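1. Predicted model and sequence below, questions to follow.
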Amino acid sequence: MKKEYNVAAPDVQDVARHITLPSPVAGSGSLDRLVDTARDYARAAASENTLKAYAKDWAHFTRWCRMKGVEPLPPSPEMIGLYLADLAAPQGRAPALLVSTIERRLSGLAWHFAQRGFTLDRKNRHIATVLAGIKRRHARPPVQKEAILAEDIIAMVATLPYDLRGLRDRAILLLGYAGGLRRSEIVSLDVHKDDTPDSGGWIEVFEDKDRGGVLLRLNAKTGWREVEVGRGSKEQTCPVHALEQWLHYAKIDFGPVFVGTSRDGKKPLETRLNDKHVARLIKRCVLDAGIRADLPEKDRLALFSGHSLRAGLASSAEVDERYVQKHLGHASAEMTRRYQRRRDRFRVNLTKAAGL
């Protein structure tokens, strides 16, 4: 008799629901509390955005299986290899996917199989060799966003008004730039440690006007790290001063650092900003400041994103590379160099050093 499997994509609650006491073990107050704690940790294992992306990956795969007349469960390395090939070179009108998207799809499938008690062996030859061939034939250099340089960020903040919303957006741009922060890291900051359950870090402001700054403790993609943002040479472009002004006039002393404002931009709300606000803010200020005005508006909008802040700091900071690497939280100098758009590539000349 053919076994039936549930192929529906699990939601966040489903992810944690499978954690229970072993059947031979009798429940007790302390054990039941441990089950609840373990479920809380399971819910935090992946972000909501990641789960949404994985759900779309799973829905696409199960639909593909139905069209081919096969079952998605249990996992078949042979069928998954064919699925990857179809993503890279589809037979119909569907566009071919980028290699990075195909790899993300595979990660989504592996996650969903694991939730159902199956293991997907990504090193299986039916999967690994097909993926290696896709990479060899279709991989392209990564498309880099334009860096926002120091003169650009100064021009961008100059376009902002001095109402409450303008103070907030000025602090977002300057702190994001000087901290080399991802947009998700900017909006996840709280005033103090453990202010909110969804916090991604917190701030500590040092008051010394000459040598002070703000210390950011971030729970980032690569784990916890500290980012030290010093004061600027003048108040108009100082990220610490901008942050202090926003917190003071918005009367924020607890919870999320960056929150929404009322329609008129004069009153702070309680809800944390979405990271998409940072992307929209950057694009709007790029247009208002006339950056890359030699290009059509559509091309200018496509050139800049939240990563333009990190690339801008890496490209503009005239310090030893290892300090930039630590500041951005990169595991390797090679990753840092990808962000440096105008570094002197031939400052260290091994040709001459070798005597040629």
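-> Happy to help now that I have it.
2. Arg225 belongs to a helix, doesn't it?
-> No - under DSSP: H, G, I helix; E, B strand; the rest coil, Arg225 sits outside any helix and is assigned strand.
3. count of neighbours near Met79?
-> For Met79, the neighbour count with other Cβ atoms under 10 Å is 17. For the C-beta atoms, the positions are set from N, CA and C on the backbone; glycine is no exception.
4. count of neighbours near Gln236?
-> Around Gln236 there are 13 residues (other Cβ under 10 Å).
5. Then the one 10 residues further on?
-> The local packing of Trp246 (other Cβ under 10 Å) involves 24 other residues.
6. what's near enough to touch it?
-> 164, 167-168, 170-171, 252, 258 (Cβ atoms under 8 Å, 6 or more residues apart in numbering).
7. Work out which residue lies at the spatial centre of the protein.
-> Nearest to the mean C-alpha position of the chain, counting by Cα atoms, centre = their mean, stands Ser184 at 5.7 Å.
8. hmm, back to that, give me the subset of the contacts of Trp246 lying in helices.
-> 164, 167-168, 170-171 (DSSP state H).
9. Now that we have those residues, can you turn them into CSV and tack on distance to Tyr83, pLDDT and neighbour count?
-> Below are these laid out as CSV (distance: Cβ to Cβ, whole Å; pLDDT from 0 to 100; neighbours: other Cβ atoms under 10 Å):
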residue, distance to Tyr83, pLDDT, neighbour count
Leu164, 51, 95, 19
Leu167, 50, 96, 23
Arg168, 45, 96, 29
Arg170, 48, 96, 26
Ala171, 46, 96, 24
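10. Which helix or strand in the protein has the lowest average pLDDT?
-> helix 12-17 (a mean of 58; mean pLDDT, DSSP states H and E).
11. Let me know the next secondary structure element after that helix.
-> Counting by DSSP states H and E, the element after helix 12-17 in chain order, helix or strand, is helix 29-43.
12. quick one: the helix or strand following that following helix to helix 29-43, angle?
-> Sequence-wise, the next helix or strand downstream of helix 29-43 (DSSP H and E) is helix 48-68. Angle of helix 48-68 versus helix 29-43, following axes from the mean of the first three to the mean of the last three Cα atoms, to 10 degrees, is 70 degrees.
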